[in-house]
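> Below: sequence and its predicted model.
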Amino acid sequence: MTHFLDINITDPAALRAMIDQARAMKQARRDQPKGAPDADQALAGRMVALIFEKPSTRTRVSFDVGVRQLGGQTMVLSGSDMQLGHGETIADTARVLSRYVDLIMIRTFEEATLLEMAEYASVPVINGLTNRSHPCQIMADILTYEEHRGPIGGRKVVWTGDGNNVCASFIHAAGQFGFDFTFTGPPTLDPEPGFLEEARQKGVRAEIERDPAKAVEGADLVVTDTWVSMHDPQSARERRHNQLRPYQVNEALMQRAKPDALFMHCLPAHRDDEATSGVMDGPHSVVFDEAENRLHAQKAIMRWCLGL
């Protein structure tokens with residue numbers, strides 16, 4: 001079964017093929033006459049289950065629109081609709097859903113939920129996000145970088161702030177796409193050491209630099225994410241703000257990167273916290289191209305999972 005669970009366990013050639021197909025599909029759609037029906041109907045007659053234990057804007061809309069553009073249909077299910085693991089096992093849910101749909105995308109909390117769904121489903125499963133990783137986002141980010149600056153191999157990517165799930169998938173991508181990665185943030189929010197070591201074993205530089213000014217020197221891409229989750233209590237929010245304030249991406253920090261460096265943020269953003277509005281709306285920023293490319297990258301991922 002061809003699941004898309006994490007970038008580091010997906011063949012690099014397959015990842016490259018997905019990026020190339022996403023770019024081609026995006027261009028083909030732009031070349032269509034405005035208002036014309038989509039020529040690409042690869043998912044015609046297919047049903048895709050979109051499961052959201054965690055709420056979402058970009059993931060929900062981009063997958064839903066992507067399936068529809070490819071001629072398929074979606075069934076959107078929330079955590080309250082399904083109550084995964086409560087009353088019915090995840091394994092049984094996976095077996096049942098596989099009788100109804102052709103593909104499952106799940107956005108959940110625990111990685112174990114994703115893995116159990118994939119183990120027992122007889123249709124492909126896509127990781128729409130877990131607490132540990134967010135591979136669909138990074139595929140969109142790679143697509144975005146290469147649209148603007150060409151191949152990402154050999155470039156320097158700097159992540160500033162919290163070594164969270166999005167950061168983890170960027171580290172996974174470093175090893176698979178061959179770019180160097182630097183994390184800058186407080187020690188309490190470091191990414192998992194094993195992720196960095198795995199990237200190093202694949203031949204790239206993956207390091208931690210506590211001084212953000214030093215970290216971004218020579219950077220081709222500077223990336224950050226929100227400092228707080230919608231689920232964090234107020235006490236945790238205040239603590240994180242205090243820890244992360246030195247790692248804000250502002251105009252002065254971006255000036256230390258390469259003159260043509262790009263800035264990314266997966267959104268939603270808390271403007272003037274993790275990044276200033278001047279950076280978000282400035283000449284380095286590609287955050288809205290990045291958001292659009294979730295659509296195109298995920299269409300390519302779905303086609304790959306189904307062998308289309």
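Noted; the coordinates are in hand. Keep in mind that what you see is a predicted model, and the values were worked out from it rather than measured. Numbering: from 1, shown residues only.
> Which residue ranges of the stretch 151-300 of the chain form helices?
165-177, 193-201, 212-215, 234-244, 251-254, 277-280, 287-305 (DSSP state H, counting those that start in this stretch).
> hey, which of those is tucked in deepest?
Ranked by average neighbour count under the criterion mean count of other Cβ atoms under 10 Å, those are headed by helix 165-177 at a mean of 25. Where you see a C-beta, it was placed from the backbone N, CA and C, and this is true even at glycine.
> and that one, what does it pack onto?
helix 12-31, helix 135-149, strand 156-160, strand 180-184, helix 193-201, strand 206-208 (3 or more Cβ pairs under 8 Å, 6 or more residues apart in numbering; DSSP states H and E).
> any idea of the mean pLDDT for the shortest one?
Pointing back at strand 206-208 there. Per-residue pLDDT values over strand 206-208 give a mean of 98.
> can you pull the buried residues of it?
Buried positions in strand 206-208, judged by neighbour count with 16 or more other Cβ atoms under 10 Å: 206, 208.
> and it, which strands flank it?
strand 180-184 (parallel) (DSSP bridges).
> got the angle for the strand it pairs with vs helix 165-177?
Per axes from the mean of the first three to the mean of the last three Cα atoms, to 10 degrees, the angle that strand 180-184 makes with helix 165-177 is 160 degrees.
> what residues does strand 180-184 touch?
Residues from elsewhere that reach strand 180-184 (Cβ atoms under 8 Å, 6 or more residues apart in numbering): 154-160, 163, 167, 170-171, 174, 190-191, 196, 199, 204-212, 215-216, 219, 247.
> need the contact list for residue 125.
1, 3-5, 94, 103-106, 114, 117-118.
> ok, residue 162 touching residue 229?
No. Counting by Cβ atoms under 8 Å, residue 162 sits too far from residue 229 to count as a contact (9.4 Å).
> Among those two, which residue is more densely surrounded?
The neighbour count for residue 162 versus residue 229, taken as other Cβ atoms under 10 Å, is higher for residue 162 (26 against 13).
> Can you give me every residue that contacts the more buried one?
185, 189, 225, 227, 240, 244 are the contacts of residue 162 under Cβ under 8 Å, 6+ apart.
> rerun that using 6 Å as the cut-off
Going by Cβ atoms under 6 Å, 6 or more residues apart in numbering, residue 162 touches residue 189.
> Please tell me how far it sits from residue 292.
Separation of residue 162 from residue 292 (Cβ to Cβ, to the nearest Å) stands at 24 Å.
> that older thread, which one of the helices and strands packed on helix 165-177 is the most hemmed in?
strand 156-160 (a mean of 26).
> neighbouring strands for that strand, and are they parallel or not?
Assessed with DSSP bridges, strand 156-160 is paired to strand 180-184 (parallel), strand 221-224 (parallel).
> Report the contact partners of the closest residue to residue 168 other than its chain neighbours.
Nearest residue to residue 168, sequence neighbours excluded (Cβ to Cβ, 6 or more residues apart in numbering): residue 133, at 5.0 Å. Residue 133 is in contact with 6, 165, 168-169, counting by Cβ under 6 Å, 6+ apart.
> From the contact counts, what lies against the worst-scoring helix or strand of the chain on mean pLDDT?
Here the helix or strand of the chain ranked lowest by mean pLDDT, DSSP states H and E is helix 79-82, holding a mean of 74. Of the remaining helices and strands, none touches helix 79-82 by 3 or more Cβ pairs under 6 Å, 6 or more residues apart in numbering; DSSP states H and E.
> mind listing what's buried in it?
Going by 16+ other Cβ under 10 Å, helix 79-82 has these buried residues: 79, 82.
> Low-confidence stretches in the stretch 1-150 of the chain?
Within the stretch 1-150 of the chain, the ranges that satisfy pLDDT under 70 run 83, 85.
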